[in-house]
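# compute the structure for the input listed below.
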Amino acid sequence: MTSPSTFSFISKSLLAVSTVGSLMGVNVAQAQTSVAPDKAQLAHLCNTCAFVSRVHTELRQGETSGVGVVGGAVIGGLLGNRLGGGTGRALTTAGGAVAGGYAGNQIEKNSKKREVWVVNLVYRDGSRHSREFGQDQQLRAGDVVSMREGRLIRQ
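So this is what the prediction gives:
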């Protein structure tokens, strides 16, 4: 039979794992329908023009500074120390520090996430490329564009 203190430890551990999982989040992409150009459309493109086949947004995790790892490790270590008893205290402290450091790093990444606009292009020769922008370029699938001064300009 499981003792009440073991049950409490397991319950707290499961709660911590589920909380960390929800804080880590998932990158969600918001998609627009794709449009495939036919050969006639590509043949009419100028040499520096491209056909926009798809535009969508994606979330990118931010860069970490290490603050999340250190803070999470300290908090996780303290919690692990409180949960452990006797000879298991060192193990729960170390485990808490590792888990807390990982969780802290993920939380810091998610707090600094940003949205990017991804534009998929098809060129006259049929080659395909993607460009990422920090702001909406006001383009839609089916547009014909050319690159000027780092921006895609609708033709």
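# next SSE downstream of the strand ranked longest in the chain?
Of all segments of type strand in the chain, defined using DSSP state E, the longest is strand 49-60. Moving toward the C-terminus from strand 49-60, the next helix or strand (DSSP states H and E) is helix 67-83.
# so which elements touch that next one?
helix 4-24, helix 89-111 (3 or more Cβ pairs under 8 Å, 6 or more residues apart in numbering; DSSP states H and E). For every residue, glycine as well, the C-beta is placed using N, CA and C.
# re the thing from before, in the longest strand of the chain, what's buried?
49-56 (16 or more other Cβ atoms under 10 Å).
# could I get the average pLDDT for that strand?
Mean pLDDT, computed over strand 49-60, is 91.
# with stretch 143-155 instead?
For stretch 143-155, the mean confidence score works out to 87.
# list the buried residues of it.
Buried-residue list, stretch 143-155, by 16+ other Cβ under 10 Å: 143-145, 152.
# about what we covered before: comparing the helices and strands packed on helix 67-83, which gets the lowest mean pLDDT score?
helix 4-24 (a mean of 45).
# following it, which helix or strand shows up next?
Downstream of helix 4-24 (by DSSP H and E), the next one is helix 39-43.
# re earlier: just the residues contacting the longest strand of the chain, thanks.
For strand 49-60, contacts defined as Cβ atoms under 8 Å, 6 or more residues apart in numbering pick out 27-37, 41-42, 45, 113-124, 128-129, 137, 139-147, 152, 155.
# again, only using 6 Å
With contacts defined as Cβ atoms under 6 Å, 6 or more residues apart in numbering, strand 49-60 is touched by 27, 29-32, 34-35, 37, 113-123, 139, 141, 143-146.
# biggest separation within the buried residues of stretch 143-155, which pair?
144 and 152 (10.1 Å; Cβ to Cβ).
# in this structure residue 92 contacts residue 80, no?
Yes: in this structure residue 92 lies within contact range of residue 80 using Cβ atoms under 6 Å: 4.1 Å.
# more neighbours: which of these two?
Between residue 92 and residue 80, counted using other Cβ atoms under 10 Å, residue 80 has the larger neighbour count: 24 against 20.
# quick one, domains of this structure?
1-25+64-112, 31-61+113-155 (automatic domain parsing).
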